[in-house]
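> Have a look at this prediction, sequence included:
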Amino acid sequence: MSHRLEAWIADVILYGAMAAALLFFYVPIFTLIAFSFQEGRFLTLPFEGVSLKWYGELFRSGPALTALWNSTVIAVVAMLLATAIGTMAAIVAVRYRFRGRRAFQGLAGAPLAFPQLLLGIVLLLWFSVLGRWFGFNTGVLTAIIGHVVYIAPFAMVIVAVQVYNFDPVLEDAARDCGATTWEVYRHVTIPLLWPGIFSAAIFAFLLSWGNFYITYSLAGSTRTIPTFIFSGIAVGSSPLYPAIATVVFVPGILLVILANRLRLRAGSA
């Protein structure tokens with residue numbers, strides 16, 4: 001009987017903790033989504049009515065669409081560069097044995113330990129010096145570089161998990177059949193690592209898409225979705241900003257679900 005009681009108490013604690021975590025994470029999100037359908041101009045309760053007008057205002061707002069476009073450009077380019085760099089770094093760190101390998105692994109993952117705000121300030125100092133030397137200002141390019149510096153280590157860690165589970169015998173078999181090094185990577189290595197690479201790409205995109213601190217430090221006068229919302233909320237609240245957050249949140253959830261399905265499918269293959 002005591003064992004049953006202990007098991008029951010453990011289940012209550014675990015399921016209660018899970019329910020509390022879900023409430024803690026998702027109640028604010030669903031509250032934000034609900035406010036985006038408010039007809040009134042201010043974020044107050046009770047609602048003055050239910051309407052989609054703020055979504056219409058969003059797609060008629062030139063500054064909001066510009067911020068959306070800037071976020072998309074920065075996130076897509078940063079995703080491609082960070083995923084490529086992270087994939088190559090993961091293969092080198094896991095598969096190859098060389099002097100200084102441990103140091104390379106530590107240095108490659110060092111940005112993971114840096115707070116975003118601190119990293120943004122340090123990069124801003126560097127770009128300020130380089131800008132005076134070479135005559136350029138902070139903007140989209142500097143924001144992309146900052147995002148890549150911050151995101152590439154995350155991509156490396158995600159792909160490294162896939163590389164650890166990779167069987168090099170498959171590459172040896174391809175070489176025995178006459179495949180060149182490039183053909184082995186193209187037809188064997190990359191396809192088998194693709195679930196990890198794709199997951200890393202989605203994670204990199206989401207990290208860049210919602211990044212505020214590095215973007216705020218390095219984008220100059222260029223507005224992205226996070227900095228646009230911050231600058232707007234600083235002068236007053238409006239259901240326009242929950243509408244923007246909802247438009248950004250839903251595609252992100254869909255990408256996470258897609259990445260998880262791909263990972264599960266690859267694991268069961």
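Noted; the coordinates are in hand.

> pretty sure Ser199 contacts Ile158?
Yes - at 5.7 Å, Ser199 counts as touching Ile158 under the criterion of C-beta atoms under 8 Å. Heads up, the C-betas are built off the backbone N, CA and C, glycines and all.

> any common contacting residues for these two?
Applying C-beta atoms under 8 Å, 6 or more residues apart in numbering, one finds that no residue jointly contacts Ser199 and Ile158.

> Can you tell me the element the closest residue to Val157 other than its chain neighbours falls in?
Nearest residue to Val157, sequence neighbours excluded (C-beta to C-beta, 6 or more residues apart in numbering): Gly109, at 6.8 Å. Taking DSSP states H and E as the definition, one finds Gly109 inside helix 101-109.

> how far out from the middle of the chain is the next helix or strand after that helix?
Following helix 101-109 in sequence order, the next helix or strand is helix 116-134 (DSSP H and E). Distance, stretch centre to chain centre, for helix 116-134: 22 Å (C-alpha atoms, centre = their mean, to the nearest Å).

> Next secondary structure element downstream of helix 116-134?
In the C-terminal direction, the helix or strand that comes right after helix 116-134 (DSSP H and E) is helix 140-164.

> Return the set of buried residues in the helix holding Gly109.
Gln105, Ala108, Gly109 (16 or more other C-beta atoms under 10 Å).

> Do I have it right that the second one meets Ile91?
No - with contacts defined as C-beta under 8 Å, Ala108 does not count as touching Ile91, sitting 11.9 Å away.

> related to what we said a few turns ago, what's the distance between the residue nearest to Val157 and Phe154?
Using C-beta to C-beta, to the nearest Å, Gly109 is found at 9 Å from Phe154.

> and what of Thr66?
Taking C-beta to C-beta, one finds Thr66 at 28 Å from Phe154.

> What of Val250?
According to C-beta to C-beta, Val250 and Phe154 sit 23 Å apart.

> Between these two, point out the one with more neighbours.
Phe154 (19 against 11; other C-beta atoms under 10 Å).

> Give me the pLDDT for the more buried one.
pLDDT, Phe154: 89.

> OK, contacts around it?
When contacts are counted by C-beta under 8 Å, 6+ apart, Phe154 touches Ala82, Gly86, Leu112, Ala200, Phe203, Ala204, Leu207.

> Could you dump the residues you listed into a markdown table and include neighbour count, secondary structure and pLDDT?
Shown next, in a markdown table, are the contacts of Phe154 (neighbours: other C-beta atoms under 10 Å; DSSP: H, G, I helix; E, B strand; the rest coil; pLDDT from 0 to 100):
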| residue | neighbour count | secondary structure | pLDDT |
| --- | --- | --- | --- |
| Ala82 | 28 | helix | 93 |
| Gly86 | 28 | helix | 90 |
| Leu112 | 11 | helix | 76 |
| Ala200 | 29 | helix | 88 |
| Phe203 | 22 | helix | 85 |
| Ala204 | 28 | helix | 89 |
| Leu207 | 20 | helix | 87 |
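
> Got the confidence number for the residue nearest to Trp209 when sequence neighbours are not counted?
Using C-beta to C-beta, 6+ apart and skipping the chain neighbours, the partner closest in space to Trp209 is Ala75 (4.3 Å). On pLDDT, Ala75 comes in at 91.

> again with the one 3 residues further on
Turning to Ala78, the model gives it a pLDDT of 94.

> mind listing what it touches?
Counting by C-beta under 8 Å, 6+ apart, Ala78 touches Ile144, His147, Val148, Ile151, Ala204, Phe205, Ser208.
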